[in-house]
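Participant: Just a sequence and a predicted model for now, questions to come.
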Amino acid sequence: MRAAHTAEQGRRIEAGAHPDGPGLRSLLPGGAVRPGITISTCGDLPLLLALAAEAAHDLGGVGAAEERGGAWAVIGLPELGALAAAGAGLDLGAGMWVDDPGRRWAEVTATALEAVPVVLLRAPARVAPRTGRRLAALLRRNGSALVVAGSWPGAELQLRVTGADWQGIGDGDGLLLGRRARVVREGRGAAGGADRAA
């Protein structure tokens with residue numbers, strides 16, 4: 001069951017921000033990505049990468065994920081580039097890509113959850129409840145985190161960007177320095193409640 005309260009907070013949400021910074025962590029239960037969680041990002045790739053970097057930092061030395069370090073995997077997201085991943089703070093030497101897992105995406109995801117503590121996934125539009133339960137059991141057993149580009153049945157935490165502005169570009173020139181996003185959080189269980197951060 002999803003709670004319905006909201007709170008406005010002025011916080012900067014950035015990919016690659018220092019893990020101790022406020023922004024994104026203010027939307028996570030307990031201020032960190034915990035082992036066994038599934039987070040839905042509703043398709044926003046910069047938010048997906050920022051969460052993956054937080055998860056790799058948080059889970060790299062925790063419980064069953066400790067021996068797997070800050071390793072991570074990307075499944076079904078061929079548009080996700082290495083430069084963007086590195087810019088978000090992910091260690092490229094610890095990452096693996098499976099651009100097109102095909103119809104066996106659930107088996108590929110299960111294998112990745114056994115191997116690395118953080119898995120980024122774009123799943124098919126419809127995920128069978130049985131598949132969701134099986135992957136959730138693997139998450140809990142291995143202490144991994146699943147960060148989904150899109151919706152996911154039973155996700156403990158859903159983050160949705162409602163607006164974003166890029167910073168650093170002038171009138172057609174300059175470098176992108178960051179992104180300011182308004183993010184709405186909905187959750188269940190320990191992640192319960194609805195909040196907004198900007």
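Facilitator: Thanks, I have the structure now.
Participant: Quick check: R185 vs S40, distance?
Facilitator: 11 Å (CB to CB, to the nearest Å). No exception for glycine: its C-beta is placed from N, CA and C like everyone else's.
Participant: I should have written P129 there, sorry.
Facilitator: 15 Å.
Participant: One more: L83?
Facilitator: L83 is 25 Å from S40, by CB to CB.
Participant: cool, and G95?
Facilitator: In terms of CB to CB, G95 sits 21 Å off from S40.
Participant: Have a look at the two and say which one is more surrounded.
Facilitator: S40 (24 against 21; other CB atoms under 10 Å).
Participant: The more buried one: what's it in contact with?
Facilitator: 148, 150-152, 155, 157-159 (CB atoms under 8 Å, 6 or more residues apart in numbering).
Participant: Over to V119?
Facilitator: 72-75, 109, 112-113, 144-147.
Participant: wait, isn't D91 in contact with A53?
Facilitator: No. If you go by CB atoms under 8 Å, D91 and A53 don't touch, sitting 9.4 Å apart.
Participant: the more surrounded of those two?
Facilitator: A53 (26 against 15).
Participant: where does that one land in three-state SS?
Facilitator: Here A53 is recorded as helix under DSSP: H, G, I helix; E, B strand; the rest coil.
Participant: Please report the distance of it from A88.
Facilitator: For A53 relative to A88 (CB to CB), the value is 5 Å.
Participant: just V148 next, same as before
Facilitator: 16 Å.
Participant: Then R130?
Facilitator: Distance from R130 to A88, by CB to CB: 32 Å.
Participant: V119 now?
Facilitator: 15 Å.
Participant: All the strands of the protein, in order from the start?
Facilitator: Taking DSSP state E, the strands of the chain run over residues 38-40, 72-75, 95-98, 118-121, 145-148, 157-169, 174-187, 193-197.
Participant: Out of those, which is the most enclosed?
Facilitator: Greatest average neighbour count among the strands of the chain goes to strand 118-121 (a mean of 29), per mean count of other CB atoms under 10 Å.
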